[in-house]
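Colleague: Output the structure for:
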Amino acid sequence: MVPPTTAIADVLQLRGLTGWLSPPLRAIHRSLGLLGKARTVQLAPGPGEHGLDPLHALMDEDLEGRVIVVAGAQAAAGAVWDEILTRAALARGAAGLLVEGGVRDVNAFRDLGLPVWALYEATAGPGPDVHVASVGQPVEIAGVLVDESTSIVMDGSGVVALPSTEVFADSYMYADAEEDVVSALRDGASLAEAHRFKDDMVAKLRRSP
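Modeller: Reported below is the predicted structural model:
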């Protein structure tokens, strides 16, 4: 069980940090909370020497528990990911997919159970003028650095990239405080009365070193 991405993002904000990737990424197929290590791919404009072959070759690796992160995919004319790659990735154990660009065959994500966040849906394929610039190297999405040691948290509300899971402890407490607010409201408390649970937690986290 991982903390909600909303709680993680709020705790990061309180610390003056970033890490959330949504936006710009939006949910194509949402999931319950999951945690996986990033497997990074950088795309770039132009046909390149090998096109998208290195991305396809990645589907033959052990991807158990990995979240595939494809940066720079907006360089493609259309979708860089489809049902074929979805089936191949799941067969190798992939836990999720982030694409800074277009995807298609979105019903397959739901039917096969692959959580996917991307910039947009596309009808056409990638076209010839995009290539894999690197695999396994650091990439950047929305100003957030992602490398192969990055922990990716995905759930129904968003996606967060973390250099470590150290933030989880505070995020659990923050999420519990929000639940206390909701419970108090259900019991008839005013918003001002109920919100003290969250206010107290925010004050506590701000005092933390």
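
Colleague: which parts of the top helix by length along the chain are buried?
Modeller: With secondary structure taken from DSSP state H, the chain has its longest helix at helix 168-186. Buried positions in helix 168-186, judged by neighbour count with 16 or more other CB atoms under 10 Å: 168, 170-175, 177-178, 180-181, 184. (C-beta placed from N, C-alpha, C; glycine too.)

Colleague: what does stretch 13-24 give?
Modeller: 19-22.

Colleague: so of these, which ones are in strands?
Modeller: Among the buried residues of stretch 13-24, no member is found in strands (DSSP state E).

Colleague: of these, closest to A44?
Modeller: Proximity to A44 was ranked across these by CB to CB; first place goes to L21, at 19.6 Å.

Colleague: I'd like the buried residues of helix 168-186 laid out as a markdown table, including pLDDT.
Modeller: Below are the buried residues of helix 168-186 laid out as a markdown table (pLDDT from 0 to 100):
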| residue | pLDDT |
| --- | --- |
| F168 | 97 |
| D170 | 96 |
| S171 | 97 |
| Y172 | 97 |
| M173 | 96 |
| Y174 | 96 |
| A175 | 97 |
| A177 | 96 |
| E178 | 96 |
| D180 | 96 |
| V181 | 96 |
| A184 | 96 |
